[in-house]
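Trainee: structure for the following, please:
(one chain, ligands or ions: 2)
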Amino acid sequence: MQALTNRSQGVSRKPMSFMERLYIPAILKGMAITFSHIFKKKPTIRYPEQKRPFSPVFRGLHVLNRDEEGRERCTACGLCAVACPAEAITMEAAERLPNEEHLYREEKYAAKYEINMLRCIFCGLCEEACPKDAIYLSETFAPANYTRKGFVYGKEELLIPDPKTNPEGYAAAKGSK
Ligand code: SF4
Ligand code: SF4
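Mentor: Numbering: from 1, shown residues only. Ligands and ions are numbered 1, 2, ... in the order given. Just a heads-up that it's a prediction; the model follows:
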């Protein structure tokens with residue numbers, strides 16, 4: 001039968017030599033390879049105490065952004081949800097009331113905003129689609145959870161800390177952008 005590729009290897013059926021039947025040279029060769037790895041730099045790290053640096057293009061957990069005055073930037077336009085290929089984003093819009101200007105930047109805001117992290121493929125299209133710089137993907141992993149519901153992140157989990165009430169948390173979140 002004709003081979004599909006030229007990568008097939010022929011099997012040698014020749015009888016083993018005396019040295020091959022001793023197995024000692026093969027064992028010594030194997031031990032030499034094992035010992036040579038003892039002095040090499042270890043590729044494993046002690047995670048989570050040690051962490052590898054992320055690639056500059058790493059895309060992790062989403063953050064819903066605020067402006068410098070602490071107001072939520074999202075205007076619930078839905079472009080991120082439309083752009084999402086995994087249909088992971090859902091939201092409900094609400095109208096800003098006259099006394100809520102300090103909370104929401106635009107006249108319309110997301111009263112509910114959820115991302116299902118089990119659906120998300122961390123492609124970053126939501127970030128690219130957003131016209132308000134209201135969402136970005138940080139360098140944080142979604143932590144493990146025991147329930148599927150625990151992977152549906154709401155505004156409480158996604159919103160960046162308020163720069164007025166928690167400037168350190170805000171700066172840290174911004175720094176990991
Ligand atoms: S990163 Fe991609 S898959 Fe995840 S929510 Fe954004 S658009 Fe959807
Ligand atoms: S995050 Fe951006 S794209 Fe998504 S609803 Fe809010 S403003 Fe629109």
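Trainee: average pLDDT for the top helix by length along the chain, rounded please.
Mentor: Secondary structure assigned by DSSP state H gives helix 24-38 as the longest helix of the chain. This predicted structure assigns helix 24-38 an average pLDDT of 94.
Trainee: with just CA atoms, put that helix into PDB.
Mentor: Presented in PDB, the C-alpha positions along helix 24-38 are these (Å, rounded to 0.1, in the frame of the first residue of the first chain):
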ATOM      1  CA  ILE A  24      24.200  -1.700  30.500                       C
ATOM      2  CA  PRO A  25      25.300   0.800  27.800                       C
ATOM      3  CA  ALA A  26      21.700   1.800  27.200                       C
ATOM      4  CA  ILE A  27      21.100   2.100  31.000                       C
ATOM      5  CA  LEU A  28      24.200   4.300  31.400                       C
ATOM      6  CA  LYS A  29      23.100   6.400  28.400                       C
ATOM      7  CA  GLY A  30      19.700   7.000  30.000                       C
ATOM      8  CA  MET A  31      21.300   7.800  33.400                       C
ATOM      9  CA  ALA A  32      23.600  10.300  31.700                       C
ATOM     10  CA  ILE A  33      20.600  12.100  30.200                       C
ATOM     11  CA  THR A  34      18.800  12.100  33.600                       C
ATOM     12  CA  PHE A  35      21.800  13.500  35.500                       C
ATOM     13  CA  SER A  36      22.500  16.100  32.800                       C
ATOM     14  CA  HIS A  37      19.000  17.600  33.600                       C
ATOM     15  CA  ILE A  38      19.800  17.900  37.300                       C
END
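Trainee: contacts (any at all) between ligand 2 and the helix or strand following it?
Mentor: Along the chain past helix 24-38, the next helix or strand (assigned with DSSP states H and E) turns out to be strand 62-64. No. Judged by C-beta under 6 Å from any ligand atom, strand 62-64 and ligand 2 are separated, with a smallest distance of 6.8 Å. Just so you know, the C-beta spots here come from the backbone N, C-alpha and C atoms, and that holds for glycine as well.
Trainee: show me what the helix or strand just after strand 62-64 is in contact with.
Mentor: Later in the chain than strand 62-64, the nearest helix or strand by DSSP H and E is helix 79-83. Helix 79-83 is contacted by residues Glu87, Ile89, Thr90, Met91, Leu125, Cys126, Glu127, Glu128, Ala129, Cys130, Pro131, Ile135 when judged by C-beta atoms under 8 Å, 6 or more residues apart in numbering.
Trainee: okay, and for the chain, where does confidence drop off?
Mentor: By pLDDT under 70, the weakly predicted segments of the chain are 1, 175-177.
Trainee: within its sheet, name the partner strands of the longest strand along the chain and how each one runs.
Mentor: If each strand of the chain is counted by residues according to DSSP state E, the longest one is strand 108-116. In the sheet containing strand 108-116, its partner strands are strand 89-95 (antiparallel), strand 152-153 (antiparallel), by DSSP bridges.
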